[in-house]
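>>> I would like the atomic coordinates for the input below:
(4 chains)
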Number of protein chains: 2
Amino acid sequence: MSGAQSRRNVALKSGECIVTHMPRPVLSSAESRRPLVAAAAIDAFARGGFHATTVADVARGAKISSAYVFKLFSGKNAVFVAALERCFDEILAALERGADAAEEQSADAVLDAMGAAYAQLIADRRLLLLQVHAQSVADVPEIGAALRAGLARVTSFAKTRSGATDDEVQRFMAFGQLCHLIVTAQIWDLPDDWAKTLTHGVRHPG
Amino acid sequence: MSGAQSRRNVALKSGECIVTHMPRPVLSSAESRRPLVAAAAIDAFARGGFHATTVADVARGAKISSAYVFKLFSGKNAVFVAALERCFDEILAALERGADAAEEQSADAVLDAMGAAYAQLIADRRLLLLQVHAQSVADVPEIGAALRAGLARVTSFAKTRSGATDDEVQRFMAFGQLCHLIVTAQIWDLPDDWAKTLTHGVRHPG
DNA sequence: CGTCGAAGTGAGTGACCGATCACTCTCATC
DNA sequence: GATGAGAGTGATCGGTCACTCACTTCGACG
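This is a model prediction of the structure:
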């Protein structure tokens, strides 16, 4: 509420900043606005999934009107795809940080470091939830294509950067998916035996 | 279209069956109708997921009015939960068949046989897709609870029936999740290297 | 036959959502 | 200061959906 004042009621000449008195445009360029909308879309879609999230939700998060969302993107599908692409951007960056931390070590150690970095990245669950929601609507052609593109990036990076065998990379991805299940189904912190079977040894985010 | 004639236009005295001439009630009991609706719900929800599937879709599949669906179940959530429970019923039955086929063998062999039975079960993708959709809406309390209950059954059965270690069972479930990803994202049959990395050695259904 | 409870439905209703459009406001440039 | 292109919005529309309700049909039983 307080962070962004209404542009209408501000008691300054338009385009003048309080602190610096440097001119700052009231309007942004559409090009610079798009990534901000995508960031808001990650938030909104992670919360509600594709169908339960409205374009108005995304617009509210980006502090613009929903009509303008449709001027920045061709439709709701395109907004989701932009969010998903940005999601994989952040995942790749995290994996890279992990790999850097384990430089010059064995393939196994590099994969393990990547897993640790991923576990840390998803301490907030937004990126994880978005992937799960994307999987659920992957039959929408554009979304399926974006999901495959993201998986291709992750898988290829894990393999080339770690130098691990196909089997090791496959196992890495499989346990990533198990981690997704554990989080979405809220299996962590369950005392039951079967829950312990699924979670034992899996890194807890946060 | 042809299988179930409209009850209105049939040229028989009501309640008389063509073949046996044994009286058969036009009306079913609500109790016997519920599983049929659940079966139709598996079909419908597997296709569209929770939010994109309407109660009218389910009703159409069950050949009843949507109003009557709401008399058989307390709401849309309950219909989905019923479908999910039935889904896990069938999965457990398949795992049991697999375990029976590998009786008296090593834990590893039993798990492998279960995996084979599961791969065969999901030749049609409905049961798999329903699980993925359920994962995506697991934050709905009733659905999350049903999902956890199903996973508990599967995990516990795999462990007790195979006698495998926790690590082996965990690996079994992790690769199940990888299989779900491969199917939903349509990674099979892709020629790319990364796709082969994810799919190699995973049993192809059908 | 009559009747009563259960099976089953047609016709809504209120709420909501994606998308569109006409419109205003901003600001760099001349 | 005039102008035009782009930023940004309010209002609205056509359509859909979960859920409700009054109503009809069925069939077991006395």
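>>> could you check whether stretch A:184-199 is close to chain B?
Yes - applying CB under 8 Å from any CB of the partner chain, one finds stretch A:184-199 touching chain B at A:184, A:185, A:186, A:187, A:190, A:192, A:193, A:194, A:195, A:196, A:197, A:198. (Each C-beta comes from the backbone N, C-alpha and C, glycine too.)
>>> As CSV, could you dump the C-alpha coordinates of that stretch?
Extracted C-alpha coordinates of stretch A:184-199, given in CSV (Å, rounded to 0.1, in the frame of the first residue of the first chain):
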residue,chain,number,x,y,z
THR,A,184,3.3,-30.1,-3.1
ALA,A,185,1.8,-33.0,-1.1
GLN,A,186,3.2,-31.6,2.1
ILE,A,187,4.9,-34.8,3.1
TRP,A,188,7.7,-33.3,5.0
ASP,A,189,7.2,-33.2,8.7
LEU,A,190,4.7,-36.1,8.6
PRO,A,191,5.7,-38.6,11.3
ASP,A,192,4.4,-41.6,9.4
ASP,A,193,6.8,-44.4,8.3
TRP,A,194,5.9,-44.1,4.6
ALA,A,195,6.6,-40.4,4.7
LYS,A,196,10.0,-41.0,6.2
THR,A,197,10.7,-43.5,3.4
LEU,A,198,10.0,-40.9,0.8
THR,A,199,11.8,-38.0,2.4
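>>> ok now that stretch, how far from the chain's centre?
24 Å (CA atoms, centre = their mean, to the nearest Å).
>>> picking up where we left off before, are any of the residues of stretch A:184-199 next to chain B buried, and if so which?
Neighbour-count burial (16 or more other CB atoms under 10 Å in any protein chain shown) applied to those gives A:184, A:185, A:187, A:190, A:194, A:195, A:197, A:198.
>>> can I assume residue A:48 is in contact with residue A:57?
Yes - Residue A:48 is within contact range of residue A:57, at 7.0 Å (criterion: CB atoms under 8 Å).
>>> residues contacting residue A:167?
If a contact means CB atoms under 8 Å, 6 or more residues apart in numbering or on different chains, then residue A:167 has B:200, B:201 as its contacts.
>>> For it, what is the enclosing helix or strand?
helix A:166-184 (DSSP states H and E).
>>> that older thread, okay if I get the buried ones among the residues of stretch A:184-199 next to chain B as a markdown table plus pLDDT and secondary structure?
What follows is those, written out as a markdown table (pLDDT from 0 to 100; DSSP: H, G, I helix; E, B strand; the rest coil):
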| residue | pLDDT | secondary structure |
| --- | --- | --- |
| A:184 | 98 | helix |
| A:185 | 98 | coil |
| A:187 | 98 | coil |
| A:190 | 97 | coil |
| A:194 | 98 | helix |
| A:195 | 98 | helix |
| A:197 | 98 | helix |
| A:198 | 98 | helix |
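>>> contacting residues for the residue nearest to the spatial centre of chain A?
Centroid-nearest residue in chain A: residue A:87, 2.9 Å away (criterion: CA atoms, centre = their mean). Residues near residue A:87 by CB under 8 Å, 6+ apart: A:42, A:127, A:130, A:131, A:150.
>>> which bits of chain A sit near DNA strand C?
A:7, A:14-15, A:25-27, A:53-56, A:66-67, A:70, A:75-77 (CB under 7 Å from any atom of the strand).
>>> So for stretch A:122-136, mean pLDDT?
The average of the pLDDT scores along stretch A:122-136 is 96.
>>> what comes into contact with that stretch?
If you take CB under 8 Å, 6+ apart as the criterion, stretch A:122-136 is touched by A:42-43, A:45-47, A:49-50, A:80, A:83-84, A:87, A:90-91, A:121, A:143, A:146-147, A:150, A:179-180, A:183-184, A:205-206, B:49, B:132-133, B:135-136, B:180-181, B:184-185.
>>> Could you identify the buried members of those?
Buried among the contacts of stretch A:122-136 by 16+ other CB under 10 Å: A:42-43, A:45-47, A:49-50, A:80, A:83-84, A:87, A:91, A:121, A:143, A:146-147, A:150, A:179-180, A:183-184, A:205, B:49, B:132-133, B:135-136, B:180-181, B:184-185.
>>> I'd like the distance from the closest residue to residue A:137 other than its chain neighbours to residue A:159, if you could.
Take residue A:137 and drop its neighbours on the chain: the residue closest to it by CB to CB, 6 or more residues apart in numbering or on different chains is residue A:50, 4.6 Å away. In this view, residue A:50 and residue A:159 are 30 Å apart by CB to CB, to the nearest Å.
>>> can you check residue A:34 too?
From residue A:34 to residue A:159 the distance is 31 Å (CB to CB).
>>> Neighbour count for these two, which is higher?
residue A:159 (21 against 16; other CB atoms under 10 Å in any protein chain shown).
>>> ok, the more buried one - contacts?
Counting by CB under 8 Å, 6+ apart, residue A:159 has contacts A:166, A:169, B:194, B:197.
>>> Which pair in these has the greatest spatial separation?
Distance extremes for the contacts of residue A:159: the farthest pair is A:166 and B:194 at 9.9 Å, using CB to CB.
>>> Kindly calculate the angle that the helix holding residue A:167 makes with helix B:166-184.
When axes from the mean of the first three to the mean of the last three CA atoms, to 10 degrees is applied, the directions of helix A:166-184 and helix B:166-184 differ by 90 degrees.
>>> Residue in chain A with the shortest distance to DNA strand D?
residue A:67 (2.8 Å; CB to the nearest atom of the strand).
>>> Count the neighbours of residue A:74 for me.
Neighbours around residue A:74, by other CB under 10 Å: 11.
>>> And for residue A:188?
Neighbour count of residue A:188, defined by other CB under 10 Å: 14.
>>> Now do the contacts for residue A:144.
Per CB under 8 Å, 6+ apart, neighbours of residue A:144: A:138, B:185, B:186.
>>> again with residue A:189
Going by CB under 8 Å, 6+ apart, residue A:189 touches no other residue.
>>> Read off the pLDDT value for it.
The model reports residue A:189 with a pLDDT of 94.
>>> residues in chain A within reach of DNA strand D, list them.
Near DNA strand D, when you scan chain A using CB under 7 Å from any atom of the strand, you find A:26-31, A:33, A:63-68, A:71.
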